[in-house]
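1. any chance you could fold what I've pasted below:
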Amino acid sequence: MKEYMSSYERCLAAIGLQEVDRIPTDLHDFLMCAEDSGMDFGQFVLDDGKMAEMQIKMWEEFGHDMLLIENGTAALAQALGCGVVYRKKGAPVAHTTAIKKLEDIRDMEIPQNIWDSPLLNAQILTVQRLVQHFGKEVFLIGRGDQGAFSLASQLYGMDRLLEDLMDEEAKEDVHRLLDLCTEACVQYHEKLLSLGVPMTSMGDSTAGPDVISPAMYETFAAPYEKRVIDAVHAKGGMISLHICGNATKIIDKMCNLGADILEIDQKTDLEAAVRESRGKCALLGQINPVLLSNGTQQEVTEAVERTLETVGGKTSTGFILGPGCALGGDTPKENVHILVNSVQII
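-> Presented below is the predicted three-dimensional model:
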């Protein structure tokens, strides 16, 4: 067995498919941070000092190896013109579109003052604070918000986008929209890397088989995800890709995009993901956040044990144990302790 490693070393080795002393752990816990702060969520996600403080407090309590830093899925959408609703409970959501007609994309540009947008600015300042606090004590990931397809659905509207995917006359403008969204994604990921995080993360939540077909994924999502992945690598960084829902039908395609980690939802077939990712990328997941929120301690223990058995045990490389998606704000801390402590070697 490998000698003791620091959290940063452990994560780096697991991502690089090298030998580890034990599987690293991650908590996608920004909603728990918001809940514990006692603030309205809408105020919390704009307060970089409080967001950083609560991430540090969560780490001090749980001791997880990897921190995934984010403030929701509406930051880039807001910066590109969408109206955002801030909620007392729950992450902010893009509420109104930025594009009235698809052909408006022909004249649309990324604003020069994009970093002044409230949610982006708060996320950037939070990442800065956590980089300064932790250095390389733990492994920090700056969430780069949505992938191009999901961002396009926010800017234009999901229903209209899905209709136009099947309209040959609209296809050129759809790709113009995806090009602009990709450029915005690249700029954001490069900004996060410039702050000192070793890895960014891209969530293309609506690009999976629960929403579009695998063929549409290959045409309208995968090429744009790859452009962001390649841009991050060109800057010397690493990147994680997450698609919500059951991604089993496209897991082979996702594994070939070049992302360093795939964050897999609990609905995805873990055995298939392990098989397809072998030698290509690491996996992160896949404990059901609903189970972590509502399940008994025994149920959580059994779910973690099944996951560890599937990936090959506590010292397997290429895997980071964590929730399949964001933890609910009301997740019992006892269940989180079970998840994190389950990988300890006695």
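2. can you pull out the strands in the stretch 1-150 of the chain?
-> 26-27, 66-69, 83-85, 93-96, 139-146 (DSSP state E, counting those that start in this stretch).
3. pull the CA atoms of the second one into PDB?
-> The C-alpha trace of strand 66-69 is given here as PDB (Å, rounded to 0.1, in the frame of the first residue of the first chain):
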ATOM      1  CA  MET A  66     -11.400  17.900  -2.500                       C
ATOM      2  CA  LEU A  67     -13.300  21.200  -2.400                       C
ATOM      3  CA  LEU A  68     -15.700  21.900  -5.300                       C
ATOM      4  CA  ILE A  69     -16.300  25.700  -5.100                       C
END
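4. list the helices and strands that strand packs on?
-> If you count contacts as 3 or more Cβ pairs under 8 Å, 6 or more residues apart in numbering; DSSP states H and E, strand 66-69 packs onto strand 26-27, helix 48-62, helix 118-134, strand 139-146. (C-beta placed from N, C-alpha, C; glycine too.)
5. doesn't Leu327 make contact with Asp29?
-> Yes - using Cβ atoms under 8 Å as the test, Asp29 is close enough to Leu327 to be in contact (5.1 Å).
6. overlap in contacts, the two.
-> Shared contacts of Asp29 and Leu327 (Cβ atoms under 8 Å, 6 or more residues apart in numbering): Val336.
7. just say helix, strand or coil for Val336.
-> Following DSSP: H, G, I helix; E, B strand; the rest coil, Val336 is assigned to helix.
8. distance of it from His189?
-> Going from Val336 to His189 by Cβ to Cβ, to the nearest Å gives 28 Å.
9. these two: which has the busier surroundings?
-> His189 (26 against 22; other Cβ atoms under 10 Å).
10. where does the more buried one land in three-state SS?
-> helix.
11. can I assume it is in contact with Val197?
-> No - look at His189 against Val197 with Cβ under 8 Å: they stay out of range, at 9.9 Å.
12. now list whatever residues contact both of the two.
-> Gly237.
13. show the contacting residues for Phe134.
-> 67, 140.
14. okay, now the unreliable bits of the stretch 51-200 of the chain?
-> Scanning the stretch 51-200 of the chain for pLDDT under 70 picks out nothing.
15. find the residue closest to Pro24 in space, skipping its chain neighbours.
-> Excluding its sequence neighbours, the residue lying closest to Pro24 (Cβ to Cβ, 6 or more residues apart in numbering) is Asp65, at 3.9 Å.
16. tell me the secondary structure of the spatially most distant residue from the centre of the chain, please.
-> When distances are taken from the C-alpha mean of the chain, Glu169 lies farthest, 33.2 Å away, according to Cα atoms, centre = their mean. Three-state assignment for Glu169 (three-state DSSP): helix.
17. give me the distance between the residue nearest to Gln344 when sequence neighbours are not counted and Val336.
-> In this structure, Gln344 finds its nearest non-sequential neighbour in Arg22, 7.0 Å apart by Cβ to Cβ, 6+ apart. Using Cβ to Cβ, Arg22 is found at 18 Å from Val336.
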